[in-house]
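In: Got a predicted structure here, sequence first:
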Amino acid sequence: MTDYSKFLKESNLTNGSWHAADSNSNIPVTNPATGEVIGSVPNCGTAETERAIQVAATAFKTYSRTDISYRVGLLRKLHDALMDNQEALAALLTAEQGKPLFEARGEIAIGAAYILWFAEEIRRAKGEIVPAPTNDRRLLVTHHPVGVVGAITPWNFPSSMLARKLGPALAAGCTVVAKPATATPYSALAWGVLALEVGFPDGVLNILTGSAREIGGAIMASPDVRKVTFTGSTEVGKTLIRQSADTVKKVSMELGGNAPFIVFEDAEIDAAVEGAMVSKYRNMGQTCVCTNRFYVHEKIHNEFVEKLLTATKALKIGDGAADGITQGPLIDMAAVEKVEAFISDSESKGGQIALGGKRHALGETFFEPTVITGANSDMDFATDEIFGPIAAVFKFETEDEAVAAANATEFGLAAYVYTRDVGRIFRLNDALDYGLIGFNSGLITTVEVPFGGLKESGLGNEGGSQGLQDYLETKYVCIAGI
Ligand code: ADP
């Protein structure tokens, strides 16, 4: 196992130095695969957060005025430092989060790629000179860093979700107060280790662990924090949107999903199954873009299910740090119980468990990858996010029926469609109320494009050129009397 001790930072970062909580109390961090405590992190609250915000506000005064070429240089170094430490960072991520090592390596790489992307993109964040209606005036549109950014991140992608926020914030000239999820703080604190190592000035990046309510509350209440970027549940996202009203902050929200995966009768079945596997079981089903509902045309339903079962049986379950593992543990017992509740609900409403359906013999939070057929719209997973390894298969007959069912949720993040009919692709691009649509692919995220949900799945975008705009204010400048 790669030595990750350099990144197992058991303290918080404010103003360029590492510290404990004021109360000196700590929170243990557990490896979900083994149940072992791998370390502990400070249990910070309101007072530490208010200090960090003040530090970030002071640092903003100078950092926001630095040369773009200087910030680009720092971000490039940060990218390189991340990739130089990819193995150690991946091992740490697997230890605290559970995902298989190959996925953890991929997460570190895409996080680094976001940093590089925004280092490039800030150089193209052009303003405008707008033709004035009268000749004695010049009209400009200019962009400016938004200010101190509060960044709150989840446990399922503890490194790359922060990368998507740090990249644009630090490129734009913003300073940051970050709060990672309590289950997975080390992958976030590692960003602090590397940011200091490559030379980011003190106070530009501050990272606090501890009470979500207190740290989040202080961030939301502060008039100095001009933008909050959040990835997590819709429920918490709604609370933060409400809290943002008092200080009229900008908010970016990457919230829950309930992705449909529609397989039409003309689809290439093998490709659809390959896409189904990656979109369903990545990170043990614990991603906001994971397929929640498979809608399969009746003509190819049995063939698709048979092949899905064969592929699912080939998954290798175990400690993500071991060779060849494709499925790690779920994050905690609450996640296991939630998955069990979805299964018993569907069984009570006529669902058939074609595979799995129970806790894995390995114990801890390991769960058998599960396939349920005969799914219907009364079952809880028709509307609620599973966030676990259950493939629920619904049958459909017509395109209209599939689209209506796919859209029958308050979520609107990712959708997947397998078809070879070009006309249908364009029809569904219009008809599906989703912010991310993958045709003939189950894995579509890349740094060059916007990532964001419609409806209750979120506000704003991360990645692409849009992901930078959210960290910039626009000013219109009128120069009269020329
Ligand atoms: P998930 O469990 O999917 O990560 P959550 O929405 O529960 O989703 O958590 C996402 C992040 O939001 C975590 O860092 C969590 O600690 C934080 N969080 C939870 N509740 C609050 C709150 N009331 N205010 C601010 N942040 C919160």
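Out: Thanks, I have the structure now.

In: Quick check: residues of the stretch 51-200 of the chain near the ligand?
Out: Residues of the stretch 51-200 of the chain lying close to the ligand (C-beta under 6 Å from any ligand atom) are 152-155, 179-182. All C-beta atoms are positioned from the backbone trio N, CA, C, and that covers glycine.

In: Among these, which lie within helices?
Out: Residues of these located in helices (DSSP state H): none.

In: Just give me the closest of the residues you listed to residue 481.
Out: residue 152 (46.3 Å; C-beta to C-beta).

In: In this structure the closest one contacts residue 232, no?
Out: Yes - Residue 152 is within contact range of residue 232, at 6.7 Å (criterion: C-beta atoms under 8 Å).

In: And the two? Which one has more around it.
Out: residue 152 (25 against 22; other C-beta atoms under 10 Å).

In: list the contacts for that one?
Out: 178-179, 212, 216, 219, 228-232, 240 (C-beta atoms under 8 Å, 6 or more residues apart in numbering).

In: and with 6 Å instead?
Out: 179, 230 (C-beta atoms under 6 Å, 6 or more residues apart in numbering).

In: gap between residue 26 and the ligand?
Out: From residue 26 across to the ligand, the span is 16 Å (C-beta to the nearest ligand atom, to the nearest Å).

In: do residue 206 as well
Out: On the measure of C-beta to the nearest ligand atom, residue 206 and the ligand end up 15 Å apart.

In: Need the phi and psi values for that residue.
Out: phi -130, psi 140 (degrees, to the nearest 10).

In: Report the beta-bridge partner residues of it.
Out: Note on residue 206: beta-bridge partners by DSSP bridges are residue 177.

In: and the longest helix for this protein?
Out: Every helix in the chain considered (DSSP H), the longest is helix 101-121.

In: Go through it and flag the buried ones.
Out: For helix 101-121, the neighbour count (16 or more other C-beta atoms under 10 Å) marks 101, 103-108, 110-119, 121 as buried.

In: Residue 260 and residue 157, how far apart?
Out: 22 Å (C-beta to C-beta, to the nearest Å).

In: Spell out the residue ranges of the strands in the stretch 1-150 of the chain.
Out: Ranges of strands within the stretch 1-150 of the chain are 12-14, 17-19, 26-30, 37-42, 128-130, 138-145, 148-152, based on DSSP state E, counting those that start in this stretch.

In: Give me the residues contacting the first one.
Out: In other words, strand 12-14. 19, 42, 44, 52, 55, 192, 206-209.

In: and with 7 Å instead?
Out: 18-19, 42, 44, 51-52, 55, 192, 205-209 (C-beta atoms under 7 Å, 6 or more residues apart in numbering).

In: Minimum distance to the ligand, which residue of the stretch 251-400 of the chain gives it?
Out: Going by C-beta to the nearest ligand atom, the ligand is nearest to residue 387 of the stretch 251-400 of the chain, at 7.2 Å.

In: name the element the residue nearest the centre of the chain belongs to?
Out: By C-alpha atoms, centre = their mean, the chain has its centre lying nearest to residue 161, at 4.6 Å. Residue 161 belongs to helix 160-172 when elements are defined using DSSP states H and E.

In: So what angle separates the directions of that helix and strand 148-152?
Out: Counting by axes from the mean of the first three to the mean of the last three C-alpha atoms, to 10 degrees, helix 160-172 points 170 degrees away from the direction of strand 148-152.

In: Any idea how far the helix or strand containing residue 372 is from the middle of the chain?
Out: Using DSSP H and E, residue 372 falls within strand 370-373. Distance, stretch centre to chain centre, for strand 370-373: 26 Å (C-alpha atoms, centre = their mean, to the nearest Å).

In: strand partners of it, parallel vs antiparallel please.
Out: According to DSSP bridges, strand 370-373 forms sheet pairs with strand 352-355 (antiparallel), strand 390-396 (parallel).

In: residue contacts, the residue of the chain found nearest the ligand?
Out: Residue nearest to the ligand within the chain: residue 216 (2.1 Å; C-beta to the nearest ligand atom). By C-beta under 7 Å, 6+ apart, the residues touching residue 216 are 152, 179, 240.

In: Restricting to C-alpha, output the helix or strand hosting it in PDB.
Out: Counting by DSSP H and E, the element that carries residue 216 is helix 212-221. Extracted C-alpha coordinates of helix 212-221, given in PDB (Å, rounded to 0.1, in the frame of the first residue of the first chain):
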ATOM      1  CA  ALA A 212     -21.700  21.200   9.100                       C
ATOM      2  CA  ARG A 213     -24.400  23.300  10.700                       C
ATOM      3  CA  GLU A 214     -22.000  25.700  12.400                       C
ATOM      4  CA  ILE A 215     -19.400  26.000   9.600                       C
ATOM      5  CA  GLY A 216     -22.100  26.200   7.000                       C
ATOM      6  CA  GLY A 217     -24.100  28.600   9.100                       C
ATOM      7  CA  ALA A 218     -21.200  31.000   9.500                       C
ATOM      8  CA  ILE A 219     -20.400  30.800   5.800                       C
ATOM      9  CA  MET A 220     -24.000  31.500   4.900                       C
ATOM     10  CA  ALA A 221     -24.400  34.400   7.400                       C
END
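
In: following that helix, which helix or strand comes up?
Out: strand 225-231.

In: Tell me which helix or strand residue 200 sits in.
Out: Per DSSP H and E, there is no helix or strand for residue 200.

In: Name the nearest residue to it, ignoring sequence neighbours.
Out: Spatial nearest neighbour of residue 200, excluding adjacent residues (C-beta to C-beta, 6 or more residues apart in numbering): residue 74 at 5.8 Å.
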